[in-house]
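>>> here is a sequence with its predicted model. Questions after.
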Amino acid sequence: MKLLFRFYNYYLSQDKELVKKLRPVIGFIPVRTSTFKLAFSHKSGSNDKEYAIQNNERLEYLGDAILGTIVAEYLFKKYPNANEGFLTKMRSKIVQRKALNKIGDKMELDILLNHQNHTRLSHSMLGNAVEALVGAIYLELGYEKTKQFVIRKIIRNYLDVHQLEKVDDNYKSQLLEWCQKNGQSINYKLLARYKYEKRDRFKIAVMIDGNKIATADDFNKKSAEQTASEKAMYQLGILTTE
């Protein structure tokens, strides 16, 4: 029966163009095409209030949880002698928004997002789509096959885990440590919250000893704080372009 559904979805259904674009990404023809359509439907794509439940936010929520569990299990097995702190940092490096945006870009999920949305795409939509896609695959195939997809198609294809061991991209933590060593106070101030392409966007400032050092805008407060911290570190000469 599933074989018939897949044949229909690929050759005859009204979603066949989406399915043909999707197959190279996920490696199979889905039975539940509506779930995958939803995975790439962003909330900014409609003015209809009822559209609130017809976008990828719920799948993103599910995918975030599934992805975090799979990555945690993968790292637990890969590093049998690593402590909890190391595993937590490594998981964060893999599932953080910036990393997922890059993965979504490499997976060319913008093609699928463009197919499903009639709105200008932002870079952050790519990371959201990665999580929503994982959620959709979980509903289609279950946990074990989703785990195989994440490890084989995402982690092994688009991540250098050994290189990540050497990278410390938690700029907020680094800046806090620098301030503590130098006896300076640091805090983050919300300068503005505004709508951009129907979404909340936050402007955050890094304040050191009461002075504004750098600012950044993002759809997520934590991401804005990280970007502002990175800018501040360049401004203070902690980081250099070399």
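Cool, got the structure.
>>> what residue in the chain is the furthest from its centre?
The centre of the chain is farthest from one residue, residue 183, which by C-alpha atoms, centre = their mean lies 34.9 Å away.
>>> tell me, what's the model's pLDDT at that residue?
Looking at residue 183, its pLDDT is 96.
>>> I'd like the distance between it and residue 208.
Per C-beta to C-beta, to the nearest Å, residue 183 is found 11 Å from residue 208. For the C-beta atoms, the positions are set from N, CA and C on the backbone; glycine is no exception.
>>> follow-up on the earlier one: what about the residue farthest from the centre of the chain, which SS state?
Here residue 183 is recorded as coil under DSSP: H, G, I helix; E, B strand; the rest coil.
>>> again, but for residue 212
With three-state DSSP as the basis, residue 212 sits in strand.
>>> ok, it touching residue 206?
Yes: assessed by C-beta atoms under 8 Å, residue 212 is found in contact with residue 206 at 7.3 Å.
>>> who's more crowded, the two?
More crowded of residue 212 and residue 206, by other C-beta atoms under 10 Å: residue 206, with 28 against 13.
>>> which residue sits closest to the one residue sitting closest to the centre of the chain, ignoring its sequence neighbours?
Using C-alpha atoms, centre = their mean, the residue of the chain that lies closest to the mean C-alpha position is residue 127, 2.8 Å off. Leaving aside its chain neighbours, residue 127 sits nearest to residue 100 (3.3 Å; criterion: C-beta to C-beta, 6 or more residues apart in numbering).
>>> and if you look at residue 238?
Nearest residue to residue 238, sequence neighbours excluded (C-beta to C-beta, 6+ apart): residue 178, at 5.8 Å.
>>> just list the residues touching that neighbour, thanks.
With contacts taken as C-beta atoms under 8 Å, 6 or more residues apart in numbering, residue 178 has the following neighbours: 233, 236, 238.
>>> Serialize those to CSV and add fields for neighbour count.
Listed next are the contacts of residue 178 as CSV, based on neighbours: other C-beta atoms under 10 Å:
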residue, neighbour count
233, 20
236, 17
238, 14
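>>> elements contacting the helix or strand containing residue 163?
Using DSSP states H and E, residue 163 sits in helix 161-166. Where contact means 3 or more C-beta pairs under 8 Å, 6 or more residues apart in numbering; DSSP states H and E, helix 161-166 is packed against helix 84-95.
>>> next helix or strand past the helix it packs on?
According to DSSP H and E, the helix or strand after helix 84-95 is helix 97-106.
>>> circling back: helix, strand, or coil at the residue nearest to residue 238?
Under three-state DSSP, residue 178 falls in the helix class.
>>> how far away is it from residue 111?
Residue 178 is 41 Å from residue 111, where distance means C-beta to C-beta.
>>> again with residue 168
For residue 168, the distance to residue 111 (C-beta to C-beta) stands at 33 Å.
>>> perfect, that will be all.
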